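In: heads up, no residue letters with this:
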């Protein structure tokens, strides 16, 4: 009985911290039309690996690099989240997945930061990969990294 109650609590409580909800219906407006660089985590509340990764995600968001990125989560348990993940090809590598959206015109240019737990998901490894990915971005007046423009 205690295990069932704990499982119900875990499933009823969002696995990750608050942030904007991003899905297929608002991805263009929220992420792509923004002048800021976005880091999205694609996850499922029923995914054990995603739950395992949650503390690393929170540390990355609070790091010196993470604080200069707009962050959001895409819950693939919801129709709009799974549609976006499929449209972007995110599920090809499994969950959790982190994608950085740093270009105004072509989302295919932006490399995945984390494809799945088959990657090294330690804080140090994810931080190092993210730091390399944002190298060269300028920080705007609002304190966030600015997107680049393809000529």
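Out: Happy to help now that I have it. Model, not experiment: these values are computed from the prediction.

In: which stretches of the chain form helices?
Out: For the chain, the helices defined by DSSP state H occupy 2-12, 27, 48-62, 79-88, 123-134.

In: and among these, the most buried is which?
Out: helix 27 (a mean of 22; mean count of other Cβ atoms under 10 Å). Heads up, the C-betas are built off the backbone N, CA and C, glycines and all.

In: Distance check, residue 91 against residue 68.
Out: Going from residue 91 to residue 68 by Cβ to Cβ, to the nearest Å gives 28 Å.

In: which of these two has more neighbours?
Out: residue 68 (19 against 14; other Cβ atoms under 10 Å).

In: quick one, what contacts the more buried one?
Out: 37, 134, 139, 143, 144, 145 (Cβ atoms under 8 Å, 6 or more residues apart in numbering).

In: By pLDDT, give me the weakest of the residues you listed.
Out: Within those, residue 134 has the lowest pLDDT, namely 85.

In: That residue reaches residue 63, doesn't it?
Out: No: assessed by Cβ atoms under 8 Å, residue 134 is found out of contact with residue 63, at 11.0 Å.

In: what's the weakest-modelled helix or strand in the protein?
Out: Using mean pLDDT, DSSP states H and E, helix 2-12 stands out as the lowest-scoring helix or strand of the chain, at a mean of 35.

In: what mean pLDDT does the following helix or strand past that one have?
Out: Using DSSP states H and E, the helix or strand that follows helix 2-12 in sequence is helix 27. For helix 27, the mean pLDDT works out to 94.

In: Tell me which other helices or strands helix 27 touches.
Out: Counting contacts by 3 or more Cβ pairs under 8 Å, 6 or more residues apart in numbering; DSSP states H and E, helix 27 is packed against no other helix or strand.
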